[in-house]
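Trainee: Next one to model:
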Amino acid sequence: MKARAVPQLIDPDAEPFVADAIAELISSEIPFLVAGTYAVSAYTGISRLTKDLDVFCKAGDCARILNYFKQRDYAIEVEDERWIGKVLKGKHFFDVIFASSNGTMPVGDTWFDNARQIKLCNCPVRIVSPTELIWSKCFIQLRHRYDGADIAHVILRASKEIDWTRLLGYLEVHWEVLLIHLLNFRWIYPTERDKVPQWLMDELIDRLKAQAEMPLSQMRICRGRMYSRVDYEIDVKEWGFADVGGEGGLRGDWEIEDD
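Mentor: Next up is the predicted model:
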């Protein structure tokens with residue numbers, strides 16, 4: 001595929017840094033993918049300001065990429081060993097990401113098998129497919145950042161390139177999150193509903209109906225911290241809900257009092 005747009009860096013002085021970083025990544029021969037705003041721009045034609053470059057790799061390659069740049073006089077940081085590192089030179093940096101912050105999205109071979117190719121800084125690079133791009137953004141729903149618009153735009157502009165079966169497989173455990181995004185798309189673009197396969201909507205609605213027949217969980221759960229650990233902290237620390245992992249209160253033992 002051909003890139004339809006290239007995002008603009010907030011700091012134009014960062015352009016040589018990004019160009020050098022891309023050239024170095026290619027020279028390293030360590031498999032990597034470009035994601036984030038650069039991938040959104042490639043699929044949608046939307047050009048917007050971005051502060052940095054998002055590089056995705058498999059978990060085993062993250063340390064290799066960081067060490068490669070460290071040997072070339074770049075500074076490196078392990079921001080969070082569960083999912084992200086950074087490569088820096090002065091005030092400029094790019095992220096090296098191998099999973100999502102909530103642990104649901106490990107980068108694997110499938111990401112590379114289905115990658116697309118574009119030219120970035122006059123170099124051929126692979127970007128994540130629209131399927132994995134959507135998956136990478138599904139849980140980014142914080143008070144200060146929400147990637148739902150990116151998902152809607154990718155569906156609108158690249159629906160034929162999305163592997164809907166694979167996307168459902170990625171979100172099997174969290175199918176309601178997928179349903180939320182698809183309903184959001186249908187509401188935003190009522191004349192474009194046919195861009196989402198009917199079989200997928202039928203499957204998700206059928207799951208919703210089946211779930212309605214089930215009794216409520218005995219464990220009081222708040223999965224909101226998969227979106228934002230900060231915004232839903234009170235639910236776990238004060239209101240007795242179980243976090244994504246661990247124990248919490250049982251339904252009926254504790255209730256929220258209205259103010």
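
Trainee: which ones are touching Arg145?
Mentor: With contact set as C-beta atoms under 8 Å, 6 or more residues apart in numbering, Arg145 has no partners. No exception for glycine: its C-beta is placed from N, CA and C like everyone else's.

Trainee: Send me stretch 16-36 as PDB with only the CA atoms.
Mentor: This file holds the C-alpha atoms of stretch 16-36, laid out as PDB (Å, rounded to 0.1, in the frame of the first residue of the first chain):
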ATOM      1  CA  PRO A  16      16.500  14.600  11.500                       C
ATOM      2  CA  PHE A  17      16.300  12.500  14.700                       C
ATOM      3  CA  VAL A  18      13.400  10.400  13.300                       C
ATOM      4  CA  ALA A  19      15.100  10.000  10.000                       C
ATOM      5  CA  ASP A  20      18.300   8.800  11.700                       C
ATOM      6  CA  ALA A  21      16.400   6.500  14.000                       C
ATOM      7  CA  ILE A  22      14.600   4.900  11.100                       C
ATOM      8  CA  ALA A  23      17.900   4.400   9.200                       C
ATOM      9  CA  GLU A  24      19.500   2.900  12.400                       C
ATOM     10  CA  LEU A  25      16.500   0.500  13.000                       C
ATOM     11  CA  ILE A  26      16.800  -0.800   9.400                       C
ATOM     12  CA  SER A  27      20.600  -1.200   9.800                       C
ATOM     13  CA  SER A  28      20.100  -3.200  13.000                       C
ATOM     14  CA  GLU A  29      18.200  -5.900  11.100                       C
ATOM     15  CA  ILE A  30      16.000  -6.300  14.200                       C
ATOM     16  CA  PRO A  31      12.400  -6.800  13.200                       C
ATOM     17  CA  PHE A  32      10.300  -3.700  14.000                       C
ATOM     18  CA  LEU A  33       7.000  -2.100  13.000                       C
ATOM     19  CA  VAL A  34       5.900   1.500  12.900                       C
ATOM     20  CA  ALA A  35       2.600   2.200  14.600                       C
ATOM     21  CA  GLY A  36       0.800   5.100  16.200                       C
END
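
Trainee: Spatially central residue for the chain, please.
Mentor: Geometric centre of the chain, nearest residue: Ser136, 1.9 Å, by C-alpha atoms, centre = their mean.

Trainee: can you tell me the helix or strand for that one?
Mentor: Assigned by DSSP states H and E, Ser136 belongs to helix 130-137.

Trainee: what distance separates that helix from the centre of its chain?
Mentor: Remark: helix 130-137 is offset 6 Å from the chain centroid, using C-alpha atoms, centre = their mean, to the nearest Å.
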